[in-house]
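> Coordinates only, no sequence provided:
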């Protein structure tokens, strides 16, 4: 754990889950700039403060005395906030944790954002906030400077009001915005709907592959198991649920569980399922950290699953690495029945085959091309 020295105190913080050898801090220079900036503001007594996309809970912990509402799409981010509040002896009731699907305060005096790289995700955040802001609201976003583009600033200006940036400090900068109540941003284009192999795929803003089917997922769809091979199936890191929905269309007897760290992804997968199969065909949907820490209901039991399909990410937040893939593969091994299968698609250079061999004792190449490979490993 590392110590953040901020204007409102000194706090011990860690990423969640804590992994041996992880040297990445739970905050960055943009968090430091945001905390310094807010310390210089004349905040009204009882101000309603909303934090958005506070990745590891650093802002929520350092600003807990303001009793903020913290909105995070990531289940892991919400768990990190809880853990960091506890590590600093802060009453968890001081921070109201919300997903982007939960109601927000009707009037927001202070809005603090960690601006994401993905414009779709930023648009969704700003559309949530804008109707609740007023002319006197303090609106400030922080980001690493390399992620702040003209398109980023144009989006703030179009949806919230006049926008300017600060000078970069430690490769980070702030985006300062004035609320223009007269702005009329127009209808929200999200969620969007497409059709893939007869499945009606619904995607909320910012969900992986929301605008079009990504090449890796398309390659996986071409190399899924044959119908009748499996019954209990998990679409892990499900995104909009296209893989599970297509698999279920091919095989009416499979039972699907959809899991993702993103609450918007899980909502997309559920909407995809209902739009494709109607209200009567059952499936399970939950945000969670992998297979063993779920927001809704108990974790998957050991030996309860026939097939896990996954297109694992190779980054978490802005950090590139394979820790998430290792977790997905090792937890899949725990929940698979003897003879059960993990089927993975990934870029060839990620060397997932080495991980599967170490965990499962071997693997098979189902298909490969110049960029992607589909692998399977059996329990």
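Nice, I can see it. Quick caveat: nothing in here was measured; it's all calculated off a predicted structure. Residues are numbered from 1 along each chain as shown.

> out of everything not next to it in sequence, what's closest to residue 19?
residue 323 (5.7 Å; C-beta to C-beta, 6 or more residues apart in numbering). Every C-beta, even on glycine, is put in place using the N, C-alpha and C of the backbone.

> Tell me the spacing between that neighbour and residue 22.
7 Å (C-beta to C-beta, to the nearest Å).

> just residue 80 next, same as before
12 Å.

> about what we covered before: settle it for me: which of residue 323 and residue 22 has more neighbours?
Ranked by neighbour count (other C-beta atoms under 10 Å), residue 323 and residue 22 place residue 323 first, with 16 against 13.

> can I assume residue 52 is in contact with residue 129?
Yes - Residue 52 sits in contact with residue 129 when judged by C-beta atoms under 8 Å, with a separation of 7.1 Å.

> Compare these two and say which is more crowded by neighbours.
Of the pair residue 52 and residue 129, residue 52 is the one with more neighbours under other C-beta under 10 Å, namely 25 against 22.

> Not including adjacent chain positions, what is the nearest residue to that one?
In space, residue 52 is closest to residue 113, 4.4 Å off (C-beta to C-beta, 6+ apart).

> I'd guess the one you found is in a helix, am I close?
No - counting by DSSP: H, G, I helix; E, B strand; the rest coil, residue 113 falls outside a helix, being strand.

> From residue 54, how far out is it?
9 Å.

> Of the two, which one has the most company?
residue 54 (29 against 26).

> immediately after the helix ranked longest in the chain, which helix or strand?
Secondary structure assigned by DSSP state H gives helix 263-277 as the longest helix of the chain. Per DSSP states H and E, the first helix or strand lying C-terminal to helix 263-277 is strand 284-289.

> quick one: strands adjacent to the helix or strand just after that next one?
The helix or strand immediately downstream of strand 284-289 is strand 293-294, counting by DSSP H and E. Strand 293-294 pairs in its sheet with strand 284-289 (antiparallel), by DSSP bridges.

> buried set for stretch 261-278?
Counting neighbours by 16 or more other C-beta atoms under 10 Å, one finds that the buried residues in stretch 261-278 are 261-273, 275-277.

> Quickly find the element holding the closest residue to residue 303 other than its chain neighbours.
Excluding its sequence neighbours, the residue lying closest to residue 303 (C-beta to C-beta, 6+ apart) is residue 337, at 4.9 Å. Residue 337 belongs to strand 336-347 when assigned by DSSP H and E.
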